[in-house]
Structure formats: C-alpha cells, structure tokens
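# sequence and computational prediction follow.
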Amino acid sequence: MSFNGVGKSNNSFSGYTQPNETLSRKTVNEDLSVFTPKIPVIDDFTTKCMDIDGDGKGDVSHGRVVVDMIKGIAPNAEITEFNVYDDKTHAISNEKIEAAYNKILERTTKGEHFDGVNMSIGSETTIDKPDGTSVMLESSKTLTGISYKTNKHILRNNLFSAKTNIISVMEEVAKNTPIYVAAGNPENGTNYISQYALGKGVISVGAADSHGKPLEGYSAMCDKYGNPDHPVFLIMKENGRPSRDKDGNVLFDVNGDNKPDYTSADMADPSYSKKHVPGPFVNLIQGVSFSTPTVFMEDLKAKWQKQHKTQ
C-alpha cells in the first residue's frame, strides 16, 4: 500500500454541512478578516517536496502549501498542524494519522469546536479480499450519484487493511466535524479513490476546470470538485520589478491574494534572485491536494456568510 501527498509542481506549462454547527468567529461582521475558522490540517510538514520558484528543486513542505491555500481565503484561520511524516520510515505514517484523528476526537469530545479537517494526502484502495477474490463494483461512468455512493459503500465494507481503524475514527470525528480529503490525481487512475475517503461523512474532492467541469483522468469517485491548478507569481511593483522584503528577498504569492507567502530565502538555493530573471509567472502548483483546501474553505466561507446574513 502506498501513501502520497497528492500535489506536484510544474513550471512548463478542486454542499456538505453538519447539523447544529456554528462557525468559529470573533464577532459578526461583513469583514472576512474576522472569519476565524478552527482547522486541523493533517499532512506532511517535513519533506521539502514543493518547488515554488520553478528550478526543479523542492523548497517547502506539502503541508505548508496546503496551509497557505487555506490562509489565502481565511487569513486569520486558526490552524492546528498534525505532522504525520515519520522520520524513521521516511514516509507518511498510518499510526500518526490515526493518532491525529484520535486527538481531534478527544478534543471535540471535551467540548472544543473545529470547523473542519483538511487532509490532502491519499492512499491507494485495495479491493481484493484475503482469499484472493475481487470485490465487484457497480459499473458506471457517472461521476456522482448512486453509483459513486454504492461503490464507496462496497469498498468501505470490504476494506481489509490497517486503515480500517483510521476510517473508523474518522467516521466518529465526521459526526460533528466535516472532513475534506483529496480524491487523487491522474496517475492514480480515473476510478481511483483514496481509502481515507471511504468513511461515512467524509468528503472527497476531485479536480475540475475553471467552469466546474470534472477533468478527464482525475478520480471520478468523489463528492466535490475544485480547480487543481494554482499558479505561483512574483509580487510585482508598479515599475514592473519584483517586490522584496527588508532583507532584499524576492516575494512569492501562491494562493492568489497578492500577499507574500514565501520569499527567496525559503528557496533551497539562496542565490535565487541572482541566478534567475524574475517574471510575474514563476511556476504552477497542481493537484487535488490544493483543490481540496480551496473547496473546503469556499464551503466554510459560504456557510459563514449565510449565517451572518440571518443574524
């Protein structure tokens, strides 16, 4: 079984609500700066696998980019990071994922409120029974609806792996706190579904184009869709030159809010600004890893705005 953070970089050139839930906020105000959702993010915050500046080298962790996507929509979101990377095995850890959800469940059981959980890492689904026979799925090209729900139920009831315990505790968390997970990228296959998405109440996010049409090649087995492409730009001055911080570092925007998320000091190569000729477009961050927090946060924002209007 393989684990992966389902995001990548490419410089060549993704309405579930829980009942009786109140979004965290400091005050009721039209200003979204007071929109302060409390969000656990379960991810790899160790491995520098995301290439920000387009030089083909990893600069920052997968988890950090996911958090920056969330902050692009809710700058004052209260993030609780659960790093599930295991330094000993050099891989995402089943045990750490389960421990993260158990911790979230423990805290919510004691009365703490979270607005939702973001998990942009995935794992392949095994649908073979221990006796070697296969689990039969409903055959359909329908992207959503009864076929997807039926297959999800079949897979959940025939899951024979260590992740059964993880899904069980995820289902307990999802009774009061929505969980958004990445469905999978093209290399996973059209009928791929992450095992983490199998639990009842768990929302899986796939990929769609800018018009909301599901993209061919991405997982068809998901609940919602979001745009998987997130361009990285240099923040430019009016004179067309890149902006810099007080130390002279070039500033990068990865979530589209035109505010700095990274500086050239974050890059693996400290001489970035000297070796590159800066232009507005630098790189393209891709994958349902990043459509997931976008869809998640848009759902939360819409819910917050709806509640605000009714008060």
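Okay, I see it. Numbers count the residues shown, from 1 in each chain.
# now the helices for the stretch 151-300 of the chain?
Secondary structure of the stretch 151-300 of the chain (DSSP state H, counting those that start in this stretch): helices located at 163-174, 272-275, 288-309.
# ranking the ones you listed by burial, who's on top?
Most buried of the helices of the stretch 151-300 of the chain by mean neighbour count (mean count of other C-beta atoms under 10 Å) is helix 288-309; its value is a mean of 22. The way it works is simple: take the backbone N, C-alpha and C, and place the C-beta from them, glycine included.
# who are the packing partners of that helix?
helix 62-73, strand 117-119, strand 179-182, strand 202-207, strand 224-226 (3 or more C-beta pairs under 8 Å, 6 or more residues apart in numbering; DSSP states H and E).
# follow-up on the earlier one: nearest to G184, of the helices of the stretch 151-300 of the chain?
Ranking the helices of the stretch 151-300 of the chain by proximity to G184 (C-beta to C-beta) places helix 288-309 first, at 6.5 Å.
# as PDB, could you dump the C-alpha coordinates of the closest one?
Provided in PDB are the C-alpha atoms of helix 288-309 (Å, rounded to 0.1, in the frame of the first residue of the first chain):
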ATOM      1  CA  VAL A 288      -6.200  17.800  -5.800                       C
ATOM      2  CA  SER A 289      -4.100  18.400  -2.700                       C
ATOM      3  CA  PHE A 290      -4.700  22.100  -3.400                       C
ATOM      4  CA  SER A 291      -8.200  21.900  -4.800                       C
ATOM      5  CA  THR A 292      -9.200  20.300  -1.500                       C
ATOM      6  CA  PRO A 293      -8.500  23.200   0.800                       C
ATOM      7  CA  THR A 294      -9.900  25.600  -1.800                       C
ATOM      8  CA  VAL A 295     -13.200  23.700  -1.900                       C
ATOM      9  CA  PHE A 296     -13.200  23.200   1.800                       C
ATOM     10  CA  MET A 297     -12.700  26.900   2.600                       C
ATOM     11  CA  GLU A 298     -15.200  28.200   0.000                       C
ATOM     12  CA  ASP A 299     -17.800  25.900   1.600                       C
ATOM     13  CA  LEU A 300     -16.900  27.300   5.100                       C
ATOM     14  CA  LYS A 301     -16.900  30.900   3.800                       C
ATOM     15  CA  ALA A 302     -20.300  30.500   2.200                       C
ATOM     16  CA  LYS A 303     -21.700  29.000   5.300                       C
ATOM     17  CA  TRP A 304     -20.300  31.800   7.500                       C
ATOM     18  CA  GLN A 305     -21.700  34.400   5.100                       C
ATOM     19  CA  LYS A 306     -25.100  32.700   5.200                       C
ATOM     20  CA  GLN A 307     -25.200  32.600   8.900                       C
ATOM     21  CA  HIS A 308     -24.100  36.200   9.100                       C
ATOM     22  CA  LYS A 309     -26.900  37.300   6.900                       C
END
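# how much does it deviate in direction from strand 202-207?
Helix 288-309 and strand 202-207 are oriented at 120 degrees to each other (axes from the mean of the first three to the mean of the last three C-alpha atoms, to 10 degrees).
# and helix 288-309, how far from the chain's centre?
Relative to its parent chain, helix 288-309 has a centroid offset of 12 Å by C-alpha atoms, centre = their mean, to the nearest Å.
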